[in-house]
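Visitor: show me how the following folds:
(chains A, B, C and D)
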Protein chains: 2
Amino acid sequence: MSVEVPEDGIVSAILGAVAEQRLPAGTKLTEAALAEMFNCNRANVRRALAALAAQQVVDLIPNRGAFVVSPSPKEARDLFQARRAIERVIAREAAANVTADDIALLRRNVADEAEAKARRDHPTELRLSRQFHQELARIAGNQVMDRILADLTMRSTLIIGLYGRATLSNCAEDEHSGIVSALEAGQADTVVALMDAHLRHLESHLDFSAPRQRASSLQDQILGGASLVA
Amino acid sequence: MSVEVPEDGIVSAILGAVAEQRLPAGTKLTEAALAEMFNCNRANVRRALAALAAQQVVDLIPNRGAFVVSPSPKEARDLFQARRAIERVIAREAAANVTADDIALLRRNVADEAEAKARRDHPTELRLSRQFHQELARIAGNQVMDRILADLTMRSTLIIGLYGRATLSNCAEDEHSGIVSALEAGQADTVVALMDAHLRHLESHLDFSAPRQRASSLQDQILGGASLVA
DNA sequence: TTATCAAGTTTTGTTAACAATTTGTGTCAA
DNA sequence: TTGACACAAATTGTTAACAAAACTTGATAA
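Guide: Numbers count the residues shown, from 1 in each chain, chains lettered A, B, ... in the order given. Down below sits the predicted model:
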């Protein structure tokens, strides 16, 4: 496939921070700060921000800078409808192609997610929840839908950060577990129905009455204390 | 929504050239040539290319440059499956929301497309065919799927350029016309079925045995003789 | 207190120069 | 003719400096 370009390190670090909700919607991404953070020059930062803008993860406002996008309620609804369209097909294809190894991997993912939740390790929980959906896309074997889903789940994370109810539990791992069982049983229609219900469930837990906000240091948000190549 | 950045002129000009098959797959996009073509500096060109790479319209190869992507047969199949997933939902939503004005607009589009075909104005025909699908996305009212579809139809154009049979007629305008009629009649299920069949028809006309190639001057390909803001 | 304005500071935008890599060309020898 | 090699040209990658715009701060006046 396509060869990775150097500053994809910046892009994936920022995406990783968004995926773990360390970078909330609306955060300003200052060029000089990113350049110092990644030991590179501003030109590469600007290229990375342009790429993130094309993926609709940041807004580029002329003479103002780059900001993590803040999806509107309408966009949130549109996005979940798009996810249902894509993930229903992914679910069906995954059911057709799943192997025993895949089942084991998925069960491990569900278990890790439950454990992260028990530990109240919210970033890890979020990352694993997203990873579950991406794993299904991989099993389905359609790389175009895989990429589309990666973009959509990234923004879903932002949406949940903005509009998710305080009762943070996304209650997801039970539903994830059910999907794995249906996959193992080879019940394609059930897998599709469970996925659709799961996504509707996620969407139904959004509260558009009052978007939340947060902030902390850019450094912590992007590097997250851990290594940036992660 | 997101504010447009300056060098989006470069991005949209290149996308327009791809959409009309003036820029075939594999074409090298030299930075200096683009910079002179758009009277800007290389920094902006590089940002534009980074954005196009994020949209998967160009491949960025380190130290080699930017090339219009050449989708593989596998990617072509994956992409059409993704289009069916998205456009089936778009078709259903469009059927629910379509107005009389929309119908008139669509009929006009179909007529223009037929006329362009009669004139053997292949670029215009391609542009209008793509525009038909985008118009349905607009009517459906889901901006997330609208954007996804824009990306997919862009690459579909490249795929058709690469693998389309010599019998260029995409035979599309009849099928487009049928979709409009079903929309007007309010037969949502029929619209969905026709759209699905239409996309399968398009895909079935691909020939993966021997990808075609072409070349001409970058200047003509991107600017296409016409104004670049188009 | 509140609003306005004018500094100064920070941040983004632009440009040019230079370095590093790749590509093209021509020569020479087998 | 073919291949290897060296050299030149073209292209991409990097950096720093400067210009332009936006933001912050603090003083002033109603």
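
Visitor: run the chain-centre distance for stretch A:189-196.
Guide: 21 Å (C-alpha atoms, centre = their mean, to the nearest Å).

Visitor: in it, which residues are buried?
Guide: A:190, A:191, A:192, A:194, A:195 (16 or more other C-beta atoms under 10 Å in any protein chain shown). (Each C-beta comes from the backbone N, C-alpha and C, glycine too.)

Visitor: contacts for that stretch, please.
Guide: A:84, A:87-88, A:90-92, A:94-95, A:136, A:175, A:178-179, A:182-183 (C-beta atoms under 8 Å, 6 or more residues apart in numbering or on different chains).

Visitor: quick one: which of the buried residues of stretch A:189-196 is nearest residue A:111?
Guide: residue A:194 (18.4 Å; C-beta to C-beta).

Visitor: which phi and psi does the nearest residue to that closest one once chain neighbours are set aside have?
Guide: Among residues not flanking residue A:194 along the chain, residue A:179 sits closest, at 5.0 Å (C-beta to C-beta, 6 or more residues apart in numbering or on different chains). Main-chain torsions, residue A:179, degrees, to the nearest 10: phi -60, psi -40.

Visitor: which parts of chain A are helices?
Guide: A:8-19, A:31-37, A:42-54, A:73-97, A:100-118, A:122-140, A:143-163, A:172-184, A:188-204, A:218-223 (DSSP state H).

Visitor: for the residue of chain A most remote from its centre, grab phi and psi.
Guide: For chain A, the residue at maximal distance from the C-alpha centroid (C-alpha atoms, centre = their mean) is residue A:63, at 28.8 Å. When read as degrees, to the nearest 10, the backbone of residue A:63 gives phi 60, psi 0.

Visitor: so who does the most centrally placed residue in chain A touch?
Guide: Closest residue to the average C-alpha location of chain A: residue A:154 at 3.2 Å, with C-alpha atoms, centre = their mean. The contact partners of residue A:154, by C-beta under 8 Å, 6+ apart, come to A:15, A:18, A:19, A:55, A:57, A:130.

Visitor: pull out whichever of those are also neighbours of chain B.
Guide: Contacts with chain B are made by residue A:55 out of the contacts of residue A:154, judged by C-beta under 8 Å from any C-beta of the partner chain.

Visitor: hang on, the earlier thing: chain B: which of the buried residues of stretch A:189-196 is nearest?
Guide: residue A:192 (11.8 Å; C-beta to the nearest C-beta).

Visitor: not counting sequence-adjacent ones, nearest residue to that closest one?
Guide: Spatially, and ignoring its direct neighbours in sequence, residue A:192 is nearest to residue A:91 (4.7 Å; C-beta to C-beta, 6+ apart).

Visitor: ok, the one you found touching residue A:136?
Guide: Yes. At 6.6 Å, residue A:91 and residue A:136 qualify as touching, with contact defined as C-beta atoms under 8 Å.

Visitor: overlap in contacts of these two?
Guide: Shared contacts of residue A:91 and residue A:136, defined by C-beta under 8 Å, 6+ apart, comprise A:179, A:195.

Visitor: confidence score at the residue nearest to residue A:194?
Guide: At residue A:179, the model reports a pLDDT of 98.

Visitor: count of neighbours near it?
Guide: Residue A:179: 26 surrounding residues under other C-beta atoms under 10 Å in any protein chain shown.

Visitor: hang on, it packs against residue A:198?
Guide: Yes. Residue A:179 is within contact range of residue A:198, at 6.9 Å (criterion: C-beta under 8 Å).

Visitor: count of residues packed around residue A:13?
Guide: 22.

Visitor: any idea how far it lies from residue A:36?
Guide: The gap separating residue A:13 from residue A:36 is 13 Å, by C-beta to C-beta, to the nearest Å.

Visitor: what's the nearest residue to residue A:124 if we skip its chain neighbours?
Guide: residue A:116 (4.1 Å).

Visitor: next one: residue A:52
Guide: Once flanking residues are discounted, residue A:52 sits nearest to residue A:58: 4.4 Å by C-beta to C-beta, 6+ apart.

Visitor: mind checking pLDDT for the one you found?
Guide: Reported pLDDT for residue A:58: 97.

Visitor: need the contact list for it.
Guide: Going by C-beta under 8 Å, 6+ apart, residue A:58 touches A:14, A:29, A:49, A:52, A:66, A:67, A:68, A:69.

Visitor: who's the fifth one bridged to?
Guide: This means residue A:66. residue A:29, residue A:60 (DSSP bridges).

Visitor: that one and residue A:50 touch, don't they?
Guide: No. The pair residue A:66 / residue A:50 is not scored as a contact, 9.1 Å apart, by C-beta under 8 Å.

Visitor: count of residues packed around residue A:85?
Guide: Counted with other C-beta under 10 Å, residues neighbouring residue A:85 total 27.

Visitor: tell me the contacts of the spatially closest residue to it that is not a sequence neighbour?
Guide: Counting by C-beta to C-beta, 6+ apart, residue A:85 lies nearest to residue B:89, which is 4.2 Å off, once chain neighbours are set aside. Residues near residue B:89 by C-beta under 8 Å, 6+ apart: A:81, A:82, A:84, A:85, B:140, B:142, B:145.

Visitor: how does it look with 10 Å?
Guide: Contact analysis of residue B:89 by C-beta atoms under 10 Å, 6 or more residues apart in numbering or on different chains lists A:81, A:82, A:84, A:85, A:86, A:88, B:137, B:140, B:142, B:145, B:192, B:195.

Visitor: and if you look at residue A:153?
Guide: Per C-beta under 10 Å, 6+ apart, neighbours of residue A:153: A:19, A:79, A:83, A:87, A:129, A:130, A:131, A:132, A:133, A:134, A:137.

Visitor: then residue A:122?
Guide: A:20, A:21, A:22, A:116, A:168.

Visitor: measure it to DNA strand D for me?
Guide: 29 Å (C-beta to the nearest atom of the strand, to the nearest Å).

Visitor: where in chain A is pLDDT low?
Guide: Scanning chain A for pLDDT under 70 picks out the ranges A:1-7, A:166-173, A:213-230.
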